[in-house]
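**Q** Test case, fold it:
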Amino acid sequence: MPVRNYLSQMQQANLQKAVRESEDRHTRQRALILLLRNDGKTYEEISAFLNCSYRSVAHWCVEGNPDDLESLRDGRSEGNYRKATPAYIEQLMRVVEQSPSELGYELGRWTAERLAVYLAENTGIALSGMQVRRILKQKKYVYLWAKYSLEDKQNPQHRQAFRAELRQKLAVSVQEPAKL
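**A** Numbering: from 1, shown residues only. You can find the predicted model right below:
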């Protein structure tokens, strides 16, 4: 029979906070495994409840340290992101705010792929466009594309004539919809 209430109040509070606030679903699940184990659930009951493998439950009950929430993170999930140094990220955030033409490119705007190539040339750290996108998303950067207008390229007299004709047709369609 599993031991109940082996976690201190502080450990339980930290694990509950991790379940509520962690962005990583795996970390939430692992914290929940420890909390369910604290409630006296068996490995079988926890694996059935969370729909995960018995081995995962057993592993995280043994390896998960309730005092150190970092122990619940899987180091393999870091992937190539660790290649991006703080200096790389800082330069990325500076470059993305500049126009490509300011840096000698004949481009209208940056894409993640173009940023990755530019930064690879300057820093020597080669990341994919997807990795650059993830870094920008993590930094809560949103790139809005400008919407260009062609009004200044159009003839003002033709535009006024078109608007007058449009107003007239709209008025007719409201009064006599059958004429459409």
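**Q** Can you list the low-confidence ranges for this structure?
**A** Residues of the chain that meet the criterion pLDDT under 70 lie in 1-2, 75-82, 144-153, 179-180.
**Q** Grab the most central residue of it for me.
**A** Nearest to the mean C-alpha position of the chain, counting by Cα atoms, centre = their mean, stands residue 137 at 4.7 Å.
**Q** Extract the C-alpha set from the helix ranked longest in the chain and format it as CSV.
**A** Longest helix in the chain, counting residues (DSSP state H): helix 156-175. C-alpha atoms of helix 156-175 as CSV (Å, rounded to 0.1, in the frame of the first residue of the first chain):
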residue,chain,number,x,y,z
PRO,A,156,-8.6,61.2,-58.0
GLN,A,157,-11.2,62.1,-60.6
HIS,A,158,-11.7,58.5,-61.6
ARG,A,159,-12.1,57.5,-57.9
GLN,A,160,-14.7,60.3,-57.3
ALA,A,161,-16.7,59.2,-60.4
PHE,A,162,-16.5,55.6,-59.3
ARG,A,163,-17.7,56.5,-55.8
ALA,A,164,-20.6,58.5,-57.1
GLU,A,165,-21.7,55.7,-59.5
LEU,A,166,-21.4,53.2,-56.6
ARG,A,167,-23.6,55.4,-54.3
GLN,A,168,-26.2,55.7,-57.0
LYS,A,169,-26.3,51.9,-57.6
LEU,A,170,-26.5,51.3,-53.9
ALA,A,171,-29.4,53.7,-53.5
VAL,A,172,-31.3,52.1,-56.4
SER,A,173,-30.7,48.6,-55.0
VAL,A,174,-32.2,49.7,-51.6
GLN,A,175,-35.2,51.3,-53.2
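**Q** Near residue 67, how many other residues are there?
**A** Residues contacting residue 67 under the criterion other Cβ atoms under 10 Å number 10. The way it works is simple: take the backbone N, C-alpha and C, and place the C-beta from them, glycine included.
**Q** Could you look up the SS state of residue 11?
**A** Here residue 11 is recorded as helix under DSSP: H, G, I helix; E, B strand; the rest coil.
**Q** Find the nearest non-adjacent residue to it, please.
**A** residue 66 (4.1 Å; Cβ to Cβ, 6 or more residues apart in numbering).
**Q** Kindly report the same for residue 38.
**A** Excluding its sequence neighbours, the residue lying closest to residue 38 (Cβ to Cβ, 6+ apart) is residue 7, at 4.5 Å.
**Q** Next up, the contacts around the one you found.
**A** Neighbouring residues of residue 7 by Cβ atoms under 8 Å, 6 or more residues apart in numbering: 15, 34, 35, 38, 66.
**Q** likewise residue 108?
**A** Residues in contact with residue 108 (Cβ under 8 Å, 6+ apart) are 100, 101.
**Q** how about 6 Å then?
**A** Listed by Cβ atoms under 6 Å, 6 or more residues apart in numbering, residue 108 has no contact partners.
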